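S.K.: Prediction below, plus the sequence it came from.
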Amino acid sequence: MTTNEVCVSALALAAIAAGCYSQPKGFMVGPDYVEPVIETPEMWSPDAGYPTTNVTASGEFKPAVGAEDPRQPLSADKLDCWWCAFRDPVLTNLMASAVSENLMFQMAMHRLQQARWACVGAGAGLMPTFNFGAAATHSELHRNTSSSMRKSYDAGGARASHGELFQSGFDASWELDVFGGRRREVEASVRLMESANYTLADAWVTLTSEICREYLELRKVQQRLEVARANLKLQTETYEILKTRLDSGIGDQLAVNQSKYVVEETRANIPGMLVQEEQYMNALALLAGTMPGALHEMLRDCPDRDWIVAPQRVESIPLNVMRARPDVKAAERRLAAQVSRVGVAKSLLFPKFHINGTLGLESAKVQKFFQPGSLYATVGPSVSWPIFQGGNVIANMRVEEAKMDEAICGYELAVQTAFRETRDAYSAYTQEFHRYRALQAAVKAAKDAETISRDLYKNGLADFNNVLDAQRSLLLFEEALVVSRSNISISLVSLYKALGGGFKLNRQ
């Protein structure tokens with residue numbers, strides 16, 4: 001090969017390596033992705049209304065309507081930092097710590113990094129490959145060696161008994177993605193990366209809602225402890241009065257014993273609540289990314305307040321808001337990626353075209369290795385086509401199509417689940433207000449009944465059983481009121497989560 005020919009071949013090989021040939025952009029085998037259309041009901045919101053002081057003929061609270069409804073519309077801009085509505089600095093600090101320290105969220109971030117690098121790796125399939133190699137060979141030739149090998153070392157008509165060969169060069173290969181199989185692989189990788197991105201967003205939504213839920217559960221059990229301790233004090237005072245009267249000879253032993261077991265019953269409930277308090281504080285420490293026990297000092301004291309925010313009203317949630325939930329978007333992107341994989345499988349039915357080339361140096365003498373006469377180069381196309389593989393290609397294509405059908409069902413299920421969770425959370429949130437309003441009235445009546453029953457017993461006008469019933473009812477209703485008040489806020493957290501709140505990406 002002449003020096004000019006080598007130079008021409010080298011230029012062609014350089015063009016391959018630089019990717020100067022344009023890949024076909026238009027045609028790609030396999031289906032193009034179209035987001036499925038899902039029918040949704042027009043009247044989806046189970047709104048119970050805000051309870052008024054009026055009641056219906058059946059005795060239920062009559063919900064406010066129109067201008068009488070004091071609830072605020074729940075808008076999308078409230079979802080980005082929904083926990084800020086509780087105006088609790090401790091809760092806000094827990095959220096800030098979780099985003100940088102929570103190990104589960106860190107794992108989700110690492111999975112996103114994996115998906116991004118996998119996307120880069122898939123994109124490399126569209127580029128030419130370029131390899132360098134070098135070798136030095138020493139051969140000893142003997143009498144029984146084939147004549148073809150000996151001739152390769154024949155110098156000046158005399159047989160050589162040994163020889164050397166020095167080689168170095170570059171190899172390049174580029175697949176012309178005529179039918180789009182490689183581009184479908186890249187497309188699938190990009191869509192999986194987007195799915196991982198939304199999975200990270202969903203992990204953040206889940207983390208924030210779990211922190212807020214555990215925090216409100218902690219405050220609920222701490223307020224239940226306060227109620228139990230206040231009632232224990234009240235019941236103990238009653239017991240001591242009865243005991244004093246009995247010691248003075250004017251009391252009733254039965255009343256003393258009845259008062260005693262009421263006191264001990266209340267006292268026995270406190271250890272279980274202390275166990276729950278410890279568990280919630282440990283759970284919050286873990287969610288915040290620190291060791292259990294590290295946050296006890298911050299969480300031990302319960303503020304003297306409730307966490308009910310201004311009542312919210314969900315007027316309408318269009319389908320695009322439901323589709324914007326991170327878990328729904330992740331399912332939709334997985335479906336899109338699977339559609340691309342069908343195209344990858346179908347591309348295996350078609351031939352693959354490559355342009356291959358080599359450029360290097362080869363010499364039997366090291367002194368002449370870098371001389372122009374040692375250059376060699378090759379360049380040219382190649383084609384491969386799987387004619388018969390026992391049906392493996394068709395079977396693999398059918399597998400990917402079945403996976404696509406499964407992914408369609410998964411996406412539709414994600415949308416249905418989103419609607420169900422939103423309806424459930426909104427129903428629980430609005431109906432709990434009705435329960436709370438009834439319990440407020442019950443607590444007031446129970447306090448009045450407990451005071452009256454004690455006065456009547458002291459004056460000898462009523463049996464002590466009335467006092468016992470009143471004190472038990474007071475404890476029961478006060479604890480139920482604490483639970484209901486907390487459940488309103490917990491149900492609101494569930495509603496925020498069901499609407500996909502907590503991460504801006506979920507509405508992009």
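M.R.: Good, I have the coordinates.

S.K.: how about the strands in this protein?
M.R.: Remark: strands assigned in the chain by DSSP state E are 50-55, 61-64, 72-73, 129-140, 162-176, 312-313, 352-363, 375-384.

S.K.: in the fifth one, what's buried?
M.R.: In other words, strand 162-176. Using 16 or more other Cβ atoms under 10 Å as the test for burial, strand 162-176 gives Gly163, Phe166, Gln167, Ser168, Gly169, Phe170, Asp171, Ala172, Ser173, Trp174, Glu175, Leu176. Yep, even glycine has a C-beta here, placed from its N, CA and C like the rest.

S.K.: got a pLDDT number for the last one?
M.R.: By that I understand Leu176. We note a pLDDT of 80 for Leu176 in this prediction.

S.K.: ok, the closest residue to it other than its chain neighbours to Met104 distance?
M.R.: The shortest distance from Leu176 to any non-neighbouring residue, by Cβ to Cβ, 6 or more residues apart in numbering, is to Phe353 (4.4 Å). From Phe353 across to Met104, the span is 47 Å (Cβ to Cβ, to the nearest Å).

S.K.: Please compare the buried residues of strand 162-176 by their distance to Arg313 and name the closest.
M.R.: Glu175 (58.3 Å; Cβ to Cβ).

S.K.: okay, now the nearest residue to that closest one once chain neighbours are set aside: neighbour count?
M.R.: Computed as Cβ to Cβ, 6+ apart, the closest residue to Glu175 that is not its neighbour in sequence is His354, at 5.3 Å. Look at His354: counted by other Cβ atoms under 10 Å, it has 16 neighbours.

S.K.: Bridged to His354, which residues?
M.R.: For His354, the beta-bridge partners are Glu175, Ser382 (DSSP bridges).

S.K.: per-residue pLDDT, it?
M.R.: Per-residue confidence (pLDDT) for His354: 80.

S.K.: Low-confidence ranges, the stretch 101-250 of the chain, go.
M.R.: Scanning the stretch 101-250 of the chain for pLDDT under 70 picks out 123-126, 141-162.

S.K.: Let's see that with 90 instead.
M.R.: Where the stretch 101-250 of the chain drops to pLDDT under 90, the residues are 101-190, 192-197, 199-207, 234-235, 237-239, 241-250.

S.K.: which residues touch the residue nearest to Leu176?
M.R.: Phe353 makes contact with Glu175, Leu176, Val178, Pro381, Ser382, Val383, according to Cβ atoms under 8 Å, 6 or more residues apart in numbering.

S.K.: Repeat the analysis, applying 7 Å as the threshold.
M.R.: Applying Cβ atoms under 7 Å, 6 or more residues apart in numbering, we find Phe353 in contact with Leu176, Val178, Pro381, Val383.

S.K.: how much space between the second one and Phe350?
M.R.: In other words, Val178. Val178 sits at a distance of 8 Å from Phe350 (criterion: Cβ to Cβ).

S.K.: and what of the last one?
M.R.: Taken as Cβ to Cβ, the spacing of Val383 relative to Phe350 amounts to 11 Å.

S.K.: who has more neighbours, the two?
M.R.: For Val383 versus Phe350, the count of surrounding residues by other Cβ under 10 Å is larger for Phe350: 14 against 10.

S.K.: Walking through the chain, point out its helices one by one.
M.R.: Secondary structure of the chain by DSSP state H: the helices cover 3-18, 89-101, 103-123, 147-151, 181-247, 253-287, 296-299, 319-323, 326-347, 392-458, 464-498.

S.K.: Need the winner for burial among the ones you listed.
M.R.: Among the helices of the chain, helix 326-347 has the highest mean neighbour count (mean count of other Cβ atoms under 10 Å), at a mean of 23.

S.K.: Touching that one from outside, list them.
M.R.: 28-31, 33, 35, 179-181, 184-185, 187-188, 191-192, 194-195, 198-199, 201-202, 205, 322-323, 396-397, 400-401, 403-404, 407-408, 410-411, 414-415, 418, 500, 503, 506.
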